[in-house]
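Enquirer: The following comprises the amino acid sequence and a computationally predicted model.
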Amino acid sequence: LIVASSDLSHFHSEETARSLDGAFLKLVESFSPKKIWEGVRGRRVEACGFGPIMTVMVATKHLGAKKVNILKYATSAEALFGSQSSVVGYMAAAFIKSEN
């Protein structure tokens, strides 16, 4: 098991966060560290821990992972006392070697 932890976008409206984070999720699904780097560098997406995420991608690819599953996406607006005007995005993903 290899774990990386990161928030995604920070302190945007719920709508803006979902847009930014949706673009980040697509980059994660591409299983391309280079695309993540380009997205962050170009300020099209946000993730404070993009480095650890890219590192996990490289490591799991080296170990034979071939697929990415986005397990869950949410924002802090979904919490009991969450605000929709200033949210943080969160994602859980698994890099999978086989379907077994």
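Expert: Perfect, thanks for sending it. Numbers count the residues shown, from 1 in each chain.

Enquirer: Can you give me the distance of residue 4 to residue 14?
Expert: As judged by Cβ to Cβ, to the nearest Å, residue 4 and residue 14 stand 25 Å apart. Any C-beta I mention is one placed from the backbone N, CA and C, and that applies to glycine too.

Enquirer: Check residue 50 too.
Expert: When Cβ to Cβ is the yardstick, residue 50 and residue 14 sit 22 Å from each other.

Enquirer: ok, now residue 5?
Expert: Applying Cβ to Cβ, the value for residue 5 to residue 14 is 22 Å.

Enquirer: now do residue 48
Expert: If you measure residue 48 against residue 14 using Cβ to Cβ, the figure is 19 Å.

Enquirer: between the two, which one's more packed in?
Expert: Shown here are residue 48 and residue 14; by other Cβ atoms under 10 Å, residue 14 has more neighbours (18 against 14).

Enquirer: For residue 61, which residues are in contact?
Expert: When contacts are counted by Cβ atoms under 8 Å, 6 or more residues apart in numbering, residue 61 touches 31, 95.

Enquirer: check contacts around residue 6.
Expert: For residue 6, the contacting residues are 47-50, 52-53, by Cβ under 8 Å, 6+ apart.

Enquirer: Helices of the chain, residue ranges please.
Expert: All helices of the chain, identified by DSSP state H, fall at 14-29, 33-41, 50-62.

Enquirer: and of those helices, who's closest to residue 92?
Expert: With Cβ to Cβ as the measure, helix 14-29 is the member of the helices of the chain nearest residue 92 (10.6 Å).

Enquirer: List the contacts of the closest one.
Expert: Helix 14-29 is contacted from outside by 8-9, 12, 35-36, 39, 44-47, 53, 68, 70, 73, 75, 77, 84-85, 87-89, 91, 93, using Cβ under 8 Å, 6+ apart.

Enquirer: on that earlier part again, go through the contacts of residue 6 and name the one nearest residue 60.
Expert: Distance from residue 60 was checked for each of the contacts of residue 6 by Cβ to Cβ. The minimum falls on residue 53, at 10.8 Å.
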